[in-house]
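**Q** got a predicted structure here, sequence first:
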Amino acid sequence: MNALLKIFRHALNDEDNRLLMASSPVIFLHIACIGLFFTGFSWVAVVTLLLTFSFRVFALTAGFHRYFSHRSFKTSRAFQFVLAWVGTSSAQLGPMWWAANHRHHHQYSDQDEDVHSPVAQSAFWSHIGWVLCRAHRSIKYERIRDLCKFPELHFIDRFHVLPVLSLMCALYITGATLNFFFPGLGTSGIQLLMWGFFLSTVLVYHVTFCVNSVTHIVGTKRFATEDESRNNFWVALLTFGEGWHNNHHRYPLSARQGMYWWELDITYSLLRLLERMGLVWDLKVFPKSIYDEAASQPLGNQV
Ligand SMILES: [Zn+2]
Ligand SMILES: [Zn+2]
């Protein structure tokens, strides 16, 4: 409760923040989920939820995080655009904004400068508070010089609402079309919008946010990093592999975050599949020296 009061006190100190919070899409999306109670259930809606959740989590973990933030593999300009577009449809702003803040997080992990540290600030702040704060809305271009040369990324970051609206329109049209031709499916445009966009986006928010909050609080610490990053199986499961956060903080350049086969990393498995299809290449992994270091740590190769 204290954490909640602290974030609101901090946010309400600034007039811009007051306006931002009142109009924040993050808050609006949570409230809009009430619509689920009025639009009914169908199996088409459940499948749509699973698909929109999975594709966007993958675009965030493989695209925004492992590719744009850490350059841990290479891809074509066309597939880079696809990752940027699908990731941005998660309503977490664009890849340049995301990568700049994330690189900042790695440089100042759990220090006062860290924008979302549960150690330096609070669990609530690290999970969602910082997202609502206007102070963190600008793009720190000096941190993403390598991305600045792509005009299409500037376009997506500037018009980040376009991928979001495109997804919303596609869902509505699909639902309305199915309702027209196959009324027995029990779906509709507004139902698919509710399940495939509003509920799905809120779930994507919280699993993504758990990497910033939970994996800096709960879990095991294989490496003696200077931050409080942790390995957490449950977050790894929900985020397709991002929960191996202590491994990741020890060696952020790796496209793989689970170090062993039993450290489930769905994103890495999918990246290997895309590699076979020729869509990505030059995946970086943990070097032998990191495995040797892991073996010499108290927690060794245990989860
Ligand atoms: Zn971290
Ligand atoms: Zn990272």
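**A** That came in fine, so what should we check first? Ligands and ions are numbered 1, 2, ... in the order given.

**Q** buried sites along stretch 57-75?
**A** Burial within stretch 57-75, assessed by neighbour count using 16 or more other Cβ atoms under 10 Å, is assigned to 57-73, 75. For the C-beta atoms, the positions are set from N, CA and C on the backbone; glycine is no exception.

**Q** can you flag which of these belong to strands?
**A** residue 75 (DSSP state E).

**Q** any idea which helix is longest in the chain?
**A** For the chain, the longest helix by residue count, based on DSSP state H, is helix 161-181.

**Q** how about it: buried residues?
**A** Buried residues in helix 161-181, counting neighbours by 16+ other Cβ under 10 Å, are found at 163, 164, 167, 168, 170, 171, 172, 174, 175, 176, 178, 179.

**Q** touching, the last one and residue 189? I think so.
**A** Yes. Using Cβ atoms under 8 Å, residue 179 and residue 189 qualify as a contacting pair, with a distance of 6.9 Å.

**Q** verify the stated contact: residue 74 with residue 279.
**A** No. At 10.5 Å, residue 74 does not count as touching residue 279 under the criterion of Cβ under 8 Å.

**Q** other SSEs contacting the helix or strand containing residue 267?
**A** In this assignment (DSSP states H and E), residue 267 forms part of helix 266-276. If you count contacts as 3 or more Cβ pairs under 8 Å, 6 or more residues apart in numbering; DSSP states H and E, helix 266-276 packs onto strand 280-281.

**Q** residues in contact with the strand it packs on?
**A** Under the contact criterion Cβ atoms under 8 Å, 6 or more residues apart in numbering, strand 280-281 has outside partners 73, 74, 75, 79, 271, 274, 275.

**Q** Throw those residues into TSV and include pLDDT and distance to residue 290, thanks.
**A** As requested, the contacts of strand 280-281 are arranged in TSV below (pLDDT from 0 to 100; distance: Cβ to Cβ, whole Å):
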residue	pLDDT	distance to residue 290
73	98	17
74	98	21
75	98	24
79	98	28
271	98	18
274	98	24
275	98	21
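
**Q** looks to me like residue 229 is in a strand.
**A** No. Using DSSP: H, G, I helix; E, B strand; the rest coil, the assignment for residue 229 is coil, not a strand.

**Q** residues near it, how many?
**A** The number of residues packed around residue 229, counting by other Cβ atoms under 10 Å, is 25.

**Q** just checking, which helix or strand of the chain averages the lowest pLDDT?
**A** Within the chain, no helix or strand scores below helix 15-23, which has a mean of 59 by mean pLDDT, DSSP states H and E.

**Q** right, and residue 72 touches residue 251 too?
**A** No. With contact taken as Cβ under 8 Å, residue 72 and residue 251 are classed as non-touching, separated by 9.8 Å.

**Q** re the thing from before, what's the first helix or strand after the longest helix of the chain?
**A** Helices and strands here follow DSSP H and E; after helix 161-181, the next one along the chain is helix 189-193.

**Q** so which elements touch that next one?
**A** The elements that helix 189-193 packs onto, with contact taken as 3+ Cβ pairs under 8 Å, 6+ apart, are helix 43-58, helix 161-181.

**Q** just the CA coordinates for it, please, in CSV.
**A** Only the C-alpha atoms of helix 189-193 are listed here, as CSV (Å, rounded to 0.1, in the frame of the first residue of the first chain):
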residue,chain,number,x,y,z
GLY,A,189,-16.0,-8.3,-34.1
ILE,A,190,-16.2,-6.7,-30.7
GLN,A,191,-15.6,-10.1,-29.0
LEU,A,192,-12.3,-10.7,-30.9
LEU,A,193,-11.3,-7.1,-30.2
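
**Q** mean confidence for it?
**A** The average pLDDT within helix 189-193 is 97.

**Q** list the contacts of it.
**A** Residues lying outside helix 189-193 but in contact with it, judged by Cβ under 8 Å, 6+ apart, are 35, 39-40, 42, 44-45, 48, 168, 171-176, 178-179.

**Q** list of residues touching the helix or strand following it?
**A** Next along the chain after helix 189-193, taking DSSP H and E as the criterion, comes helix 200-212. Defining contact as Cβ under 8 Å, 6+ apart, one finds that helix 200-212 is touched by 26, 29-30, 33, 48-49, 52-53, 56-57, 60, 90-92, 105, 116, 118, 126-128, 131, 235, 238-239, 242-243, 245.

**Q** centre of the chain to helix 200-212, how far?
**A** Relative to the chain's own centre, helix 200-212 is displaced by 6 Å; criterion: Cα atoms, centre = their mean, to the nearest Å.
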